[in-house]
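Colleague: Mind looking at a prediction? Sequence and model below.
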Amino acid sequence: MAAYIKKIAVIKQVKSGFSADGGNISGLVKAETYAGFLKVEVSLINFAPITEGRYVLGITDGLNTVIFDGLSYEGETEFSLSSGFAFLVCFCHNTVAPIASAACGQMACALPDLKEEMTKRENIRPQRGGAAYDDEAISEVNYYERSVQSGAAVRAAETKEEERNSGGEDEAAACAVKSEKEGRGARTAAGGAGGEPSVGGLAGGDFYSRMEADIKKIFAAYPKEAALEKAMEGGRFVKIAYGNGKYYVFGVLSIEGKPRYICYGVPSQNPDTPPPSLKDCASFVPVDGGGYWMTYQDASTGISVTITNA
């Protein structure tokens, strides 16, 4: 009997201009497989309504691809989540433009192929006014490179062996880190996450409130990281495994009972140097002889905190 597998990934913006308030778009995608069936549930945050064109969603395991409209899909397929998945949200109107992506496990390298498959299927549709499809219209968006730089998953296939030999960063663990190089008005914190929250709302209003339902689902689905909770007073953390015994941590840090930061941590034995993709956005939290390179996202605004490691 086929095993039940559930995986969750954070959706990150790769193309601006589609938010409801000028900030970033984001969200979560949850995929489940069991006995030849795939179920996908998507939560989109701050996406603007559109009067022309439509949002189309696609998910792939590297071999099998499912493309759908709407925020959910359920159907019979040979889809496998054992190695994770790649996910795209595309805006389709004469062209197919990836505007947000997610990668779970070692699947960021499948994003270009997913975009190509979505383009092929969408290109079959009649074009309004006889307009020709222009694949180069989205050439300014290198969502694969951005996913790697943000730590969405592993590097391209030719660099995987180099990473294993050099003990490089845990790219898949860093996949939950939100757009650390973005964040208008992001503040600087010296070696930690203290200080006042940033002003302005990246996702409009209280970012944590809009994410709360999905955050609770994550807490319910994964085991607690008790040692980290002990090290960080007011923190609640879980371990999210992604294969081969590897994992990253996700949590919420509360101050005086109020959620202040959404946190993502990469386990590490090196307290001196953060993984390259987490440079300037992570501080080290020691735990049981090792620790975590931890990033912080302001719970009020959704803006990532910039860290200065002296």
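Modeller: All right, it came through fine.

Colleague: what pairs with Leu38 across the strands?
Modeller: Thr33, Gly75 (DSSP bridges).

Colleague: now it: how far from Asn64?
Modeller: Distance of Leu38 to Asn64, computed by CB to CB, to the nearest Å: 8 Å. For glycine as for every other residue, the C-beta is placed from the backbone atoms N, C-alpha and C.

Colleague: One more: Ala231?
Modeller: 41 Å.

Colleague: the more surrounded of the two?
Modeller: Ala231 (16 against 13; other CB atoms under 10 Å).

Colleague: re the thing from before, now do the shared contacts for Leu38 and Asn64.
Modeller: With contacts taken as CB atoms under 8 Å, 6 or more residues apart in numbering, Leu38 and Asn64 have Thr77, Phe79 as neighbours in common.

Colleague: Can you pull out the low-pLDDT segments for the protein?
Modeller: Where the chain drops to pLDDT under 70, the residues are 1-2, 124-205, 242-244, 277, 308-310.

Colleague: Show me where it has its helices.
Modeller: Per DSSP state H, the chain carries helices over the ranges 111-123, 143-149, 157-166, 207-221, 226-231.

Colleague: Please state the offset of the first one from the chain centre?
Modeller: The one in question is helix 111-123. 20 Å (CA atoms, centre = their mean, to the nearest Å).

Colleague: ditto for stretch 226-238
Modeller: 22 Å.

Colleague: now stretch 109-125
Modeller: 20 Å.

Colleague: repeat for stretch 270-289
Modeller: The answer for stretch 270-289 is 19 Å, by CA atoms, centre = their mean.

Colleague: quick one: buried residues of it?
Modeller: For stretch 270-289, burial by neighbour count (16 or more other CB atoms under 10 Å) applies to Pro274, Pro275, Ser277, Leu278, Cys281, Ala282, Ser283, Phe284, Val285, Val287.

Colleague: ok, now stretch 98-117?
Modeller: Buried, per 16+ other CB under 10 Å, within stretch 98-117: 98-112, 114-115, 117.

Colleague: Out of those residues, which sit inside strands?
Modeller: Pro98, Ile99, Ala100, Ser101, Ala102, Ala103, Cys104, Gly105 (DSSP state E).
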